[in-house]
Structure formats: C-alpha cells, structure tokens
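# Predicted model and sequence follow; I will ask about them next.
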Amino acid sequence: MFIETRKQGKKTKYYLIHSYRIENKIKRISRYLGSNLNKKDIQRLKKRAKELILEQVKDKHPFDLSEAEIKELKKYEKQIEIKHLDWKRFTRDFTYNTNAIEGSKVDYEVTKNLIEKKDEPENYDEIEAVNVAKAINFVKKTNEKLSIDLIKRLHFICFKGTKIFAGKLRNIEVVIKNSLGIIVHRGAPFKEVESLMKELIQWYNENEKKYPPLLLASIVHNQFEKIHPFQDGNGRIGRLLLNYVLLKHNYPPINIKVEDRREYYEILRRFDKERDIESTLKFLISQYRKK
C-alpha cells in the first residue's frame, strides 16, 4: 500500500492505494484520507484506511503489488552495498544467530568449533548447529530452481537426526504463542499447506524478473512464514529461503541478529496482519548494515 496525492486547486488530497490481482487482472482500491493533512494526521488516518481495505480484500493474494508499488519500494535496493563476503564468517554468524533466534543455547564459540569440526556435537542443539551450517552451504552452491522438493530438502538437512518429521510437510495444525501463552499466529490449515506452497512457488517463478531482488526475497520469506508449512523449524527454513532468493539474484545474503529478534517478529506480524512489506525492507536493510 502507498499514499497517493492529488492536487485540486489549493488543496492536496491524500489517498491510500492498494492493488491486488484477480484472475491475472490487477484491481485497485483507494481510500480517501482527507486534504491538506500533516504527517501525524496521515499516519493516524492511514491505519484505519488499511483496516478497511484489508477487510475488502482479505481473501486475495497478499503478495501481489502494482507497478506503482514496486517502483516505490525499489528505492530500498539502492541502499544495499554489495561487497566481498567472508563466507566462513557468514556461515558461523548465520548459524549461531538463526539457531539462537529459535532458542538454541549453543554459544558462538561452540558453534564455531562445531562447524570447524574441532568438537563433536553432543546434543540436539549442537547437531542442528552443524546441520544449519551444511544447509547454508547447500543454499550457496545449489543451482536448483525453487520447488517444494528443494524446501523439504533444506528442512531435512537442518533437522536430520533431531526431528522425526525432518523433510516432511506437516499434517497437524500449528499455532505460535508468545511468552504469555497468547496465540499470535496460526499457520495455514494443514490440508491447504501444499497447495499454498505451490501457489507461492508459482508466483515466484512468474515474478522473479519483475520484482527487485530484496523485495522478491522479502515476500517469499514472509509468505513462507505465514503459511508455516512444517511442524517445527519454519523460522530457520524461512531465513534460508530469504538467502536462497538473494543469492540466486546476485545479492549478498543476510544474517538476522538474535538481538533484533523482537523487531524481526514484529515485521512478520505486520505482514501477516496488515500486509506491510515496507517494514520488512527497512528491517533487512538495517541488518545488512550491521557488522
């Protein structure tokens, strides 16, 4: 969604615009916010307008964007600095952080020693540290096209030896709860998981040349997390998919830091509830800039 302004005499009118697709046709919804508004008024009115628009299109694809929206969001690509990557360091950093986000207690030094085979894994968390390092190496080298089989293979690599359902789409319902036990997200009904994943992959294949890489990767990652296709391990696979898309389009991979976990969960919530992808782009740019 984006703000559009229209001049009418001495007035500047503000509209919230949202585009979505129905049967290969782009539809457009606009909500009038008011005229001659200041930034505070725009933000206040935008929130309610978003709710009304989303109610109108709640059954439509949340990842279809209009040409105008893509053009507006493309500005974030200019903020990416592509430079030489130390893959050994990135593998250590990514493995430590992506596991720690999910509650692993394996510290950075132990993670480093496990990856470098100086130590042998002694528990499930340590096995998963070794496995995730293998998965990021797989993502780096593979030339395979995005598919359900590729995604299931990533899950199997990450959780071989620790989860009996490694590499298998879930056949149960899942919910995510916060520290207070309150449900903050429900995965898609398990009977719809495979069809939703096929739909996402089809969308990716149809749009990978249309959408700029960071936006493309963000949508794939966020929509994957929204579907939540596995019984467990969705966070790690989603972050691997994020980097799969970036690398396939010659962009550097991203290491999301464990200390930014709360902000990371918030951008996922905004995408799920408000179809807000711009917050994700801003967050990922901030992660690129961190050492």
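Right, received. Where do you want to start? Numbering: from 1, shown residues only.
# Next, count neighbours for residue 283.
Per other Cβ atoms under 10 Å, the neighbour tally for residue 283 reads 20. For every residue, glycine as well, the C-beta is placed using N, CA and C.
# Kindly apply the preceding question to residue 160 instead.
A count of nearby residues for residue 160, using other Cβ under 10 Å, gives 15.
# Now do it against residue 131, distance only.
According to Cβ to Cβ, to the nearest Å, residue 160 stands 6 Å off from residue 131.
# Got the domain ranges for this protein?
The chain breaks down by automatic domain parsing into domains covering 2-60, 87-289.
# which residue ranges form the strands in the stretch 101-250 of the chain?
Counting by DSSP state E, counting those that start in this stretch, one finds strands in the stretch 101-250 of the chain at the ranges 175-177, 183-186.
# and residue 9, what are its phi and psi?
Dihedral pair for residue 9: phi 60, psi -130, per degrees, to the nearest 10.
# ok, it to residue 35 distance?
Counting by Cβ to Cβ - residue 9 and residue 35 are separated by 10 Å.
# shouldn't residue 112 be in contact with residue 92?
Yes: using Cβ atoms under 8 Å, residue 112 is in contact with residue 92, at 5.2 Å.
# Next, count neighbours for residue 4.
The tally of other residues near residue 4 (other Cβ under 10 Å) stands at 13.
# Now name the helix or strand holding it.
strand 2-8 (DSSP states H and E).
# and that strand, what other elements does it pack with?
If you count contacts as 3 or more Cβ pairs under 8 Å, 6 or more residues apart in numbering; DSSP states H and E, strand 2-8 packs onto strand 11-22, strand 25-35, helix 67-73.
# related to what we said a few turns ago, which of residue 9 and residue 35 has more residues huddled nearby?
Comparing residue 9 with residue 35 by other Cβ under 10 Å, the one with more neighbours is residue 35, at 14 against 6.
# which residues touch the more buried one?
8, 11-14 (Cβ atoms under 8 Å, 6 or more residues apart in numbering).
# 6 Å instead, please
Contact analysis of residue 35 by Cβ atoms under 6 Å, 6 or more residues apart in numbering lists 11, 13.
# Please work out which of the helices and strands packed on strand 2-8 is packed deepest.
Of all these, strand 11-22 has the most neighbours on average by mean count of other Cβ atoms under 10 Å, namely a mean of 17.
# what's the average pLDDT for that one?
Average pLDDT, strand 11-22: 75.
# Stretch 192-205 now?
On average, stretch 192-205 scores 90.
# Any idea how many residues pack against the closest residue to residue 220 other than its chain neighbours?
Nearest residue to residue 220, sequence neighbours excluded (Cβ to Cβ, 6 or more residues apart in numbering): residue 245, at 5.3 Å. By other Cβ under 10 Å, the residues close to residue 245 number 23.
# pretty sure residue 245 contacts residue 218?
No: taking contacts as Cβ atoms under 6 Å, residue 245 lies outside contact range of residue 218: 8.8 Å.
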